[in-house]
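[1] Could you look at this predicted model? Sequence included:
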Amino acid sequence: MQFSAAQQSYQHSGIESNNIDNVDSMAAMAHRGKSLPGIPSFDSHSSKRQWQLEHMAGAFRVFARNGYAEGISGHISVRDPEFENRFWINPLGVHFGMLKASDMICVTLNGDVVAGNMAGSINAAGFQIHSAVHRSRKDVHAICHTHSIHGRAWSAFGKPLEMINQDVCYFYKAHSVYSDYGGIANESSEGQRIAESLADGKAVILLNHGLLTVGETVDEAAFLFCLMERSCQVQLLADRTEFEKKNVSEKEAAYNFKMASTPETLFAEFQPDYQYEEYLSGNTFKS
């Protein structure tokens, strides 16, 4: 079955329901308790940069534990807090489970390596994808892309995820399908087409390739990636049965998205995984 561009593209266009516009989603998470800590602020670019790199390394450790590594494929990037035209990305050929904050490489949107691990190299296809998205989306500060198993399996259908449970509603009208697979993204044109398909959404399913998620923080992008990978797994499991699926209604899906998909709430969602990596590693990934 062929899908039109309109059918393939799920973009968030705003929620019109007036009764939830003024709800504090962070406060609503806790019943009779303190709100969870939100995204911290920093006194200097250097302190924010170090925090970003630590959380980036922590996200890679989470990805390793979840089995998202596949050879030398896969990358996370974070925009530099001081220089808008620079981003940090992982070195080529280092397992996700071994990465530390000091391993990351800073590169300009034009491809010049300017800081960080100057002895390392970066994935050429990763640079084309991440530079195109960072260039086109000023609001995006972090991008995650790996060749996870269920994401790759679901990507073969070239279809968006269905709103078949509460959690997948985090992507309600906020994800798209890139249906023009052009091989390994070594050319800038492929990265640009992926960025155009993402548009103003939170995630894109790359036909015959995998998943890509974005966020205001690396924590947000990483949590969304883990959630999208699991959502692909759930979709594949649900589609194996002969029973009719019952989708979440448009009204409830919009409510779930409004309550759960702010940068602050998605940052908070990732903290248990990040803290578990701190516990497992004794904070060694922060060096």
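    That came through, no problem.
[2] For burial, what's the neighbour tally of residue 243?
    Counted with other CB atoms under 10 Å, the neighbours of residue 243 add up to 6. Quick note: C-beta positions are derived from backbone N, CA and C, even for glycine.
[3] Give me the buried positions along the helix or strand where residue 134 lies.
    Element membership of residue 134 [criterion: DSSP states H and E] is helix 124-136. Buried positions in helix 124-136, judged by neighbour count with 16 or more other CB atoms under 10 Å: 125-136.
[4] could you say which helix or strand contains residue 276?
    Secondary structure from DSSP H and E places residue 276 in helix 263-281.
[5] swap in residue 46?
    Taking DSSP H and E as the definition, residue 46 sits inside helix 45-65.
[6] what pairs with the helix or strand just after that helix, and is each one parallel or antiparallel?
    Sequence-wise, the next helix or strand beyond helix 45-65 is strand 75-79, with elements assigned using DSSP H and E. Partners of strand 75-79 in the sheet, by DSSP bridges, are strand 86-89 (antiparallel), strand 142-146 (antiparallel).
[7] sec struct for residue 256, please.
    Under DSSP: H, G, I helix; E, B strand; the rest coil, the three-state class of residue 256 is helix.
[8] my read: it touches residue 173, true?
    No - counting by CB atoms under 8 Å, residue 256 sits too far from residue 173 to count as a contact (11.4 Å).
[9] contacting residues around residue 148?
    Under the criterion of CB atoms under 8 Å, 6 or more residues apart in numbering, the neighbours of residue 148 are 66-68, 70, 210-211, 225, 229, 232.
[10] try 7 Å
    By CB atoms under 7 Å, 6 or more residues apart in numbering, the contact set of residue 148 is 68, 210-211, 229.
[11] gap between it and residue 69?
    As judged by CB to CB, to the nearest Å, residue 148 and residue 69 stand 9 Å apart.
[12] ok, residue 217 touching residue 268?
    No - Residue 217 is beyond contact range of residue 268, at 10.4 Å (criterion: CB atoms under 7 Å).
[13] got the contact list for residue 77?
    Under the criterion of CB under 7 Å, 6+ apart, the contact partners of residue 77 comprise 87-89, 130, 142-143.
[14] ok so, going back, and the furthest pair within the buried residues of helix 124-136?
    125 and 136 (17.1 Å; CB to CB).
[15] if we can go back for a sec, and the strands paired with strand 75-79: which comes nearest residue 247?
    Closest approach to residue 247 among the strands paired with strand 75-79 is made by strand 142-146 (26.5 Å; CB to CB).
[16] mean confidence for the closest one?
    With pLDDT averaged residue by residue, strand 142-146 scores 98.
[17] can you give me the angle it makes with helix 45-65?
    20 degrees (axes from the mean of the first three to the mean of the last three CA atoms, to 10 degrees).
[18] buried residues in strand 142-146?
    In strand 142-146, residues buried by neighbour count (16+ other CB under 10 Å) are 142-146.
[19] where along the stretch 151-287 of the chain do the helices fall?
    Under the criterion DSSP state H, counting those that start in this stretch, helices of the stretch 151-287 of the chain are mapped to 188-198, 218-239, 250-260, 263-281.
[20] For the last one, what is the distance to the chain centroid?
    Which is helix 263-281. Between the centre of helix 263-281 and the centre of its host chain there is 14 Å, according to CA atoms, centre = their mean, to the nearest Å.
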